[in-house]
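Peer 1: next input, structure requested:
(2 chains)
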Amino acid sequence: MTALLSLTAVSKRFRGLIAVDRVSFDVAEGALFAVIGPNGAGKTTLFNMIAGATTPDDGGIVFAGEPIGGLSADAVCRRGIARTFQLVRPFPALSVEDNVVVGALLHRRSVAAARDHARELLRRLDLFDKRRQRAATLTLPDRKRLEVARALATDPRLLLLDEVMAGLRPTETDRMVATLRELNRETGVTILLIEHVMRAVMALASRVLVLDHGVAIAVGAPEAVVRDPAVVQSYLGTETV
Amino acid sequence: MSVFAARLTGDVSRRTMIWLAALLAALVIAPFVVDDYLVTVLILILYLAYTGQAWNIMMGFTGQLSLGHAIYVGLGGYVAAVLFTRYGVVPWLGLFAAMPVAAACGAVIGFLAFRFGVTGVYFAILTIAFAEFARIGFDHLDIVNAAAGLFLPVAQYAHNDLWRLRGSPTMFYYVILTATLAAFVLCRLLITSRIGYFWLAIREDEEAARAAGIDTFRYKMYAVTISAAVTSFAGVFYAFFYNNLFPEQVFNISQSIQMILGPIIGGVGTLFGPILGAFVLTGLAESLNSALTAIGIDLPGAEQVFYGVCLLVVVAALPGGIWPWLAQRLGIKDAGS
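Peer 2: Sure thing, here's the model as predicted:
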């Protein structure tokens, strides 16, 4: 199977600090791929480079056969990569529905068609009953779901999720995991997620990449990765999992 | 056409329609019931409602604070006035030159700002700077008679000449009423369309908008050029109504400020805010003036103090403006906001 997203020796430095150091990996079309690692490991920087929020200093990022490294965030999104933000950023004064309509309008000219699509996604993410509320009034778990809905509304081939489970209660985490699985199965959307919640990673991911100090120290199936001594030492600790 | 009609009236309640019809009817018959003085006050109110609506496209919809909108009024007025006085081009045709000139000027300012990441308060300063350049530039521009001012020929007209915009205040009243209505309809169409949603997204969070695939530079450019073009008609109107243009007046920052007070007091980002704000501010200021004159007190500057007090009260008590508060009480939904 050819890779939908392929990174080759991607690096990013911030004033001498190497945030991401020659990281290479492939994400297959339709995969559920997780990136884990301790705080400050460079996960969000890696995400920002894929999403066009930051330009890589070195290395190549290829999406669907085309290089996308250094493109602007909106250009990346138009090519089929949608993202959520670690610190959620809904459009606060707009209604929940209109937030998603904005995303859906990317590939739809008609507002009515975008609204239909938005409502479908709101149902899927359990936000339909709250669609008329202002986004600013939502609770954190709902805002995270709204971010996912808005990102999905742009009809991505690849969905980048930056810690969408953080701050959720275990039952809410399980619900999000179920929703993402269902999406992946039914729409075929490839999902690349940064996650700290190992419970979610183990339940969801088909492959896991572990970053530590900007370096990819392990990549593989989740069961294998969590037994890797280097991973246990740097991130999980001996007690976990 | 039916698509437009649907977007204009879709999800507008019966109640809102009745209010709108009543308001419009009152405005249409107003010149028959009020005296000439009140007609000129209403002209000023509608003029400010119109310009406020145009400014609102940038600030209220797209979140870009322009404090130099006088430049588009001035350019519109000067282009149409020069074409009329020198070449006999009627204002309605002059408009076809005035609008592109103002739009181009807006595009230049927008390009410089948006391409180089000038945002927020720095963008506001840039817009002031351009308006000031224009004021000083026109002060020395001989083709428009420089600081001495450009005058349109005034003569007694036996009848209203709508084609040349020469006539009675009543004619001007209906012109500006039509324009205000047209601007309202245009804004309603814009804000309920794809471009409107993208503007609101940019206003709310530009980075998140970009992450949703919106080319924010392009959509901000649309906002500034459309806003500038719409504003330029106010300049044409100004020139032909007052029959004179002085750079010191028309490009003055006080023009820009007066234009934005209405929407701020009425409700930034709403469709009725600019109209309501213009009525409240100018209406009350004029009543205050007449009251003061009636009791024989001459207080120069009372109007400015009054504007200041209004602004303070609204900002402190109703930060979203009067309209959102009033709309809630009337049970009306505004497509903007």
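
Peer 1: need the contact list for residue 40.
Peer 2: Using chain A here. residue A:213 (CB atoms under 8 Å, 6 or more residues apart in numbering or on different chains). For the C-beta atoms, the positions are set from N, CA and C on the backbone; glycine is no exception.

Peer 1: try again with chain B
Peer 2: Here residue B:40 is in contact with residue B:169 (CB under 8 Å, 6+ apart).

Peer 1: element containing the residue lying closest to residue B:260 once chain neighbours are set aside, please.
Peer 2: Here the nearest residue to residue B:260 in space, its sequence neighbours aside, is residue B:55; by CB to CB, 6 or more residues apart in numbering or on different chains that works out to 5.6 Å. Following DSSP states H and E, one finds residue B:55 within helix B:36-56.

Peer 1: next structured bit after that helix?
Peer 2: Next along the chain from helix B:36-56, counting by DSSP H and E, comes helix B:70-87.

Peer 1: in the helix or strand following that following helix, what's buried?
Peer 2: Next helix or strand after helix B:70-87 toward the C-terminus (DSSP H and E): helix B:91-115. Buried residues in helix B:91-115, counted by 16 or more other CB atoms under 10 Å in any protein chain shown: B:91, B:94-95, B:97-103, B:105-107, B:109-110, B:113-114.

Peer 1: next to chain A, which bits of chain B? Give me the list.
Peer 2: Those residues of chain B that sit near chain A, judged by CB under 8 Å from any CB of the partner chain, are B:7, B:192-194, B:197-198, B:200-201, B:204-205, B:207-216, B:337.

Peer 1: mark which of those are buried, thanks.
Peer 2: For the residues of chain B next to chain A, buried by 16+ other CB under 10 Å: B:7, B:192-194, B:197-198, B:200-201, B:204-205, B:208-216, B:337.

Peer 1: tell me which strands the helix or strand containing residue A:19 pairs with, and in which orientation.
Peer 2: Using DSSP H and E, residue A:19 sits in strand A:17-28. Strand pairing for strand A:17-28, using DSSP bridges, gives strand A:3-14 (antiparallel).

Peer 1: and for the partner strand, what are the contacting residues?
Peer 2: A:18-31, A:42, A:45-46, A:49-50, A:54, A:56-64, A:69, A:81, A:157-158, A:190, A:192, A:214.

Peer 1: which ChimeraX command selects the buried ones in those?
Peer 2: Only the buried entries of these go into this ChimeraX selection, using 16+ other CB under 10 Å:
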select /A:19,20,21,23,25,26,27,30,31,42,45,46,49,50,54,56,59,61,62,63,64,69,81,157,158,190,192,214
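
Peer 1: returning to that earlier point: of the residues of chain B next to chain A, which belong to helices?
Peer 2: Residues of these located in helices (DSSP state H): B:7, B:194, B:197-198, B:200-201, B:204, B:207-211, B:216.

Peer 1: got JSON lines for those, with distance to residue B:165 and pLDDT too?
Peer 2: Converted to JSON lines, these look like this (distance: CB to CB, whole Å; pLDDT from 0 to 100):
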{"residue": "B:7", "distance to residue B:165": "31", "pLDDT": "69"}
{"residue": "B:194", "distance to residue B:165": "35", "pLDDT": "96"}
{"residue": "B:197", "distance to residue B:165": "37", "pLDDT": "97"}
{"residue": "B:198", "distance to residue B:165": "36", "pLDDT": "97"}
{"residue": "B:200", "distance to residue B:165": "36", "pLDDT": "97"}
{"residue": "B:201", "distance to residue B:165": "39", "pLDDT": "97"}
{"residue": "B:204", "distance to residue B:165": "40", "pLDDT": "96"}
{"residue": "B:207", "distance to residue B:165": "46", "pLDDT": "94"}
{"residue": "B:208", "distance to residue B:165": "46", "pLDDT": "95"}
{"residue": "B:209", "distance to residue B:165": "41", "pLDDT": "96"}
{"residue": "B:210", "distance to residue B:165": "44", "pLDDT": "95"}
{"residue": "B:211", "distance to residue B:165": "48", "pLDDT": "95"}
{"residue": "B:216", "distance to residue B:165": "39", "pLDDT": "95"}
